[in-house]
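*Asks:* coords please:
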Amino acid sequence: MADVLSQDEIDNLLKALSTGELDVDEIKEDNSKQVKDYDFKRPAKFSKEHLRTLEIIFEHYGRLLSTNLPVYLRKNVQVSVVNSEALTFSEFTNSLANPVLLGIVNFAPLNGSIMVELASNLGYAIIDRMLGGQGTPLDKSREFSEIELTIVRKILVVCVRLFREPWRNVMDINPVLERVETNPQFAQIIAPTDMISIVTLNIKLGDVEGLMNICLPYFTLESIMDRLNTRYWYANMQEKTDEKYNEQIEGMIRRVGVPIKAVLGQSTISVSDFANLQIGDIIRLDTRIEDELQIFVGNIHKFTALPGSSKEAYAVRITSIIREEE
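*Replies:* Residues are numbered from 1 along each chain as shown. The predicted model follows:
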C-alpha cells in the first residue's frame with residue numbers, strides 16, 4: 001500500500017510545483033514502468049542461464065565425439081558447439097528436410113525422449129566411410145536404404161552412449177536409442193506447441209561438414225531445470241582423486257594384451273644350411289639345458305625362467321624378475 005502524505009507534505013509539494021522546483025513531466029517519467037511484450041504462444045521456459053549450461057554440457061560432448069568417432073570412421077573428426085536457442089517443436093520440425101536422419105532417444109530415468117538430428121550429407125559420408133570409401137557424400141539426396149540405416153544406427157548408438165559422461169554432473173542418465181526415422185512426420189515426440197531447446201553442433205568429417213541438432217523438450221528436462229545452471233554444474237563436478245585415477249589406469253593396463261617370448265638360445269648358421277633344413281635336423285644353441293632362459297615382454301628383458309611343460313604344452317617357470325634399475 002502506498003504511503004499516505006501528511007498535510008504539511010502536501011503543502012510543500014504544491015509549493016514546489018508552483019515555484020517550478022518540481023516538473024510534472026519529470027515526475028511522470030520517473031513513475032512510468034517499462035512494459036515488455038510477452039508471447040503466450042512461446043512462453044520463456046528456457047532462460048539464458050539454462051541455455052548456457054546446455055552449451056557447456058555439449059561442449060564436453062563434442063570433445064568426446066572428436067575422440068571416439070575416429071575409432072569407427074578411421075578419419076579425423078572435429079566437433080564444435082555453434083549455438084543454442086529455445087523455440088517450439090513445430091518450428092523445429094518444419095525446418096527439417098526430407099529425407100532426414102532423426103534418432104529418437106529415451107532419456108531415462110527422465111520422462112519423455114530427446115531427438116538427435118544428423119545432417120543427411122554426414123549420414124552419406126559415414127555410410128561411405130564405413131563401407132571402405134573415402135567418406136564422400138552423394139551429390140543428390142535420396143532415401144536411405146535399410147542397410148544404410150542399419151549402418152547409421154550403429155554410429156548413432158555410439159553417439160547416444162556418450163551422453164552419459166557430460167550429463168553426470170547434472171544427473172546420472174541411461175540414454176537408449178529407440179529408433180531412427182527419416183520422415184519428420186513420424187517423429188512427433190511432443191505436442192507441436194511445446195517448447196524445446198536446440199543445441200547445434202558443427203561436425204567436420206574429413207572434408208565433409210554438417211550439423212547435428214539435439215532437440216531437448218522442456219517436458220523431458222522439467223524435473224531437473226533447477227540444476228541447469230553453471231553454479232550447480234561446477235559445484236557438482238566429480239573431480240577424480242589421484243588414488244582413484246591410478247586405480248582406473250591400472251585397471252585399463254591390466255586388460256591390455258602384451259606379447260611375451262622365451263628365448264631358448266641363439267645360433268649362427270649359413271644361408272645354405274638354413275635353406276636345406278629338414279624335419280629332424282638339430283640346431284646347436286649357445287645355451288645349456290640347465291641354463292635359465294631370457295623372458296621378454298615386448299622388447300624388454302623382464303624375467304628369467306627355467307624350461308618345462310604344463311600338461312601337454314611347453315611352459316617356463318619364472319625364477320627371477322629383472323628390475324628396471326638393473
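*Asks:* could you measure Ser223 against Gly112, distance?
*Replies:* 10 Å (Cβ to Cβ, to the nearest Å). C-beta coordinates here come from the backbone N, C-alpha and C atoms, glycine included.
*Asks:* the more surrounded of the two?
*Replies:* Ranked by neighbour count (other Cβ atoms under 10 Å), Ser223 and Gly112 place Gly112 first, with 17 against 12.
*Asks:* Quick check: phi and psi on the more buried one?
*Replies:* phi 80, psi -170 (degrees, to the nearest 10).
*Asks:* Go ahead and confirm it touches Leu216.
*Replies:* No: if you go by Cβ atoms under 8 Å, Gly112 and Leu216 don't touch, sitting 9.8 Å apart.
*Asks:* ok, Gly280 - how many residues close by?
*Replies:* 5.
*Asks:* ok so it is a strand residue?
*Replies:* No: read with DSSP: H, G, I helix; E, B strand; the rest coil, Gly280 is coil and lies in no strand.
*Asks:* in this structure, what spans have low per-residue confidence?
*Replies:* Applying pLDDT under 70 to the chain flags the ranges 1-6, 20-44, 230-245, 324-326.
*Asks:* Point to the residue nearest the middle of it.
*Replies:* Tyr61 (3.1 Å; Cα atoms, centre = their mean).
*Asks:* Break the protein down into its structural domains.
*Replies:* Using automatic domain parsing, the domains assigned to the chain come out as 48-239, 257-321.
*Asks:* In a helix, Ile214, correct?
*Replies:* No: applying three-state DSSP, one finds Ile214 to be strand, outside a helix.
*Asks:* Which residues are in contact with it?
*Replies:* Taking Cβ atoms under 8 Å, 6 or more residues apart in numbering, we find Ile214 in contact with 58, 114-117, 198-201.
*Asks:* Please produce a markdown table containing these, extended by neighbour count and secondary structure.
*Replies:* Formatted as a markdown table, the contacts of Ile214 follow (neighbours: other Cβ atoms under 10 Å; DSSP: H, G, I helix; E, B strand; the rest coil):
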| residue | neighbour count | secondary structure |
| --- | --- | --- |
| Phe58 | 25 | helix |
| Ile114 | 22 | strand |
| Met115 | 24 | strand |
| Val116 | 21 | strand |
| Glu117 | 24 | strand |
| Ile198 | 22 | strand |
| Val199 | 22 | strand |
| Thr200 | 17 | strand |
| Leu201 | 21 | strand |
